[in-house]
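Colleague: Have a look at this prediction, sequence included:
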Amino acid sequence: MGCGSCGTGTPNGCKSNGSCNTGSCNRMNVHDWLWNLPISDIETACKVVEVSFNQGSRKDYYRNPSLQYFEKGDLVTLECTNGFDVGEVSLTGELVRLQLKKKNVSEFSVDMKKILRPSTEKDIELFEKNKAREKDALTLSRVIARRLNLDMKLIEVEIQADGKKGTFFYTADDRVDFRELIRQFAGEFRLKIEMRQVGIRQGAAKVGGIGSCGRELCCSTWLTDFKSVTTTAARYQNLSINQTKLSGQCGRLKCCLNYELDTYLDALQYFPENADTLETSKGLAILIKKDIFKNLMWYIIQGGAMHYPLTIRRVKEIKQLNLKGVKVDDLQPVELNTAKETEHSFVDVVGHLTIGNLEKTTQRNREKQRQGNRNNNPNQQQENQQRNKPQPPQQRPNPNNRPPQKPNNNNRNRPPRKEN
């Protein structure tokens, strides 16, 4: 689905179908797959609308008491504690009811704010004016926080559409005493200040960026539920415990480590338990890896360097023999069909290729191309045939039939030659 709201001011978004780079237009974008669901009774229809703020970085639910029809992307004026705010409709209909059930929010809650009206031109003008202040306010707020030596990181500033309230989102590891900070903010920005602390992952979602996979961060595009991620998920997937590779831009373990964890856990159910070591006559075989794709278990004999891939059936047989006190002589590893690497011999090619040879080859190719063009041109073929026709031999002029020469008038006035 193409983005519907572009940060550059393009009407109805840039329609880039998921590859927009103009300010995360697709942040938290949701496809309403129930928009054409026929509703027989209007009284039973969902009277709640999902509204997004700051290009989807924050979402909230508002009641639609007048049952006005809103489409995705419409700007609406909302009820607030000390004024009004402007947001963008991101979801309507029955899908909102499913989202409320997922987040344990009552549809008939008394504390839920309501939609006042569709945004007028005056509301939108005031909204854009105050939104333009957010970038400068964020820069100045960071300067003030650093001046007060506060161990916190300001992520985002959201100013209400009417310009009466400003919400400052920040992340911090410990408790922060920002009483003096609020006084300076209130005197500098002339707003009612609200400080809201968010987690490290939520802070990275607001900033956004590109992950190691080459795509936009999951937390800034679609992921809303942040589950705990531990190194156990990496061990189940046979990943090396490298903090640099396993950490995301937020400094925590990547959320995508949980995506395939259930698949690995289901596949590991068929592997035998308590098979970390096997007793052999050559020594103790230690388990180093489980391959769920080939159903193999890799062992290495203590003190050796060779790896032995064993099937699950063979490991169970050896384990039963060890329980009886029998040590196997041969592990019977599986022979893997590995492609043989071809040995490449190095040849000294210095001097074999020169610029002159390349120029001759290029000139020869051009001549062949010209000859082909001539053969394909019918007019050129006729000219070539006329040129190739044998011409009659030309007759040489007879010296006896030469035309009479004209007398030379220059000899008349010349004096006679004297004889010695």
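Modeller: Now that the structure is in, tell me what you want to look at. Numbering: from 1, shown residues only.
Colleague: neighbours around residue 284, how many?
Modeller: By other Cβ atoms under 10 Å, the residues close to residue 284 number 14. For every residue, glycine as well, the C-beta is placed using N, CA and C.
Colleague: CA atoms of the helix or strand encompassing it as CSV?
Modeller: Using DSSP states H and E, residue 284 falls within strand 283-291. C-alpha atoms of strand 283-291 as CSV (Å, rounded to 0.1, in the frame of the first residue of the first chain):
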residue,chain,number,x,y,z
GLY,A,283,37.1,-40.1,24.6
LEU,A,284,34.2,-38.0,25.5
ALA,A,285,32.2,-36.6,22.5
ILE,A,286,30.8,-33.1,23.2
LEU,A,287,27.8,-31.6,21.4
ILE,A,288,28.6,-28.3,19.7
LYS,A,289,25.7,-27.7,17.4
LYS,A,290,22.1,-28.8,16.4
ASP,A,291,21.1,-28.5,12.8
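Colleague: helices or strands next to it in the packing?
Modeller: strand 277-280, strand 296-301, strand 307-311 (3 or more Cβ pairs under 8 Å, 6 or more residues apart in numbering; DSSP states H and E).
Colleague: how about low-confidence regions in the stretch 301-420 of the chain?
Modeller: 338-358, 374-420 (pLDDT under 70).
Colleague: Residue 365 versus residue 373, what's the distance?
Modeller: 13 Å (Cβ to Cβ, to the nearest Å).
Colleague: about what we covered before: partner strands of the strand holding residue 284, parallel or antiparallel?
Modeller: strand 277-280 (antiparallel), strand 296-301 (antiparallel) (DSSP bridges).
Colleague: which SS class is residue 162?
Modeller: coil (DSSP: H, G, I helix; E, B strand; the rest coil).
Colleague: So it is in contact with residue 79, correct?
Modeller: No: applying Cβ atoms under 8 Å as the test, residue 162 and residue 79 come out as separate, 11.5 Å apart.
Colleague: More neighbours: which of those two?
Modeller: Neighbours around residue 162 and residue 79, counted as other Cβ under 10 Å, are more numerous at residue 162. The numbers are 17 against 14.
Colleague: list the contacts for the more buried one?
Modeller: Each residue near residue 162 by Cβ atoms under 8 Å, 6 or more residues apart in numbering is listed here: 80, 83-85, 126, 130.
Colleague: if I look at it, how far off is residue 32?
Modeller: Taking Cβ to Cβ, one finds residue 162 at 29 Å from residue 32.
Colleague: Now stretch 64-76: buried residues?
Modeller: 64, 70, 72, 74-76 (16 or more other Cβ atoms under 10 Å).
Colleague: List the contacts of it.
Modeller: With Cβ under 8 Å, 6+ apart, stretch 64-76 has contacts from 4-5, 12, 32, 42, 45, 47-49, 51, 62, 86-92, 114-119, 123-124, 127.
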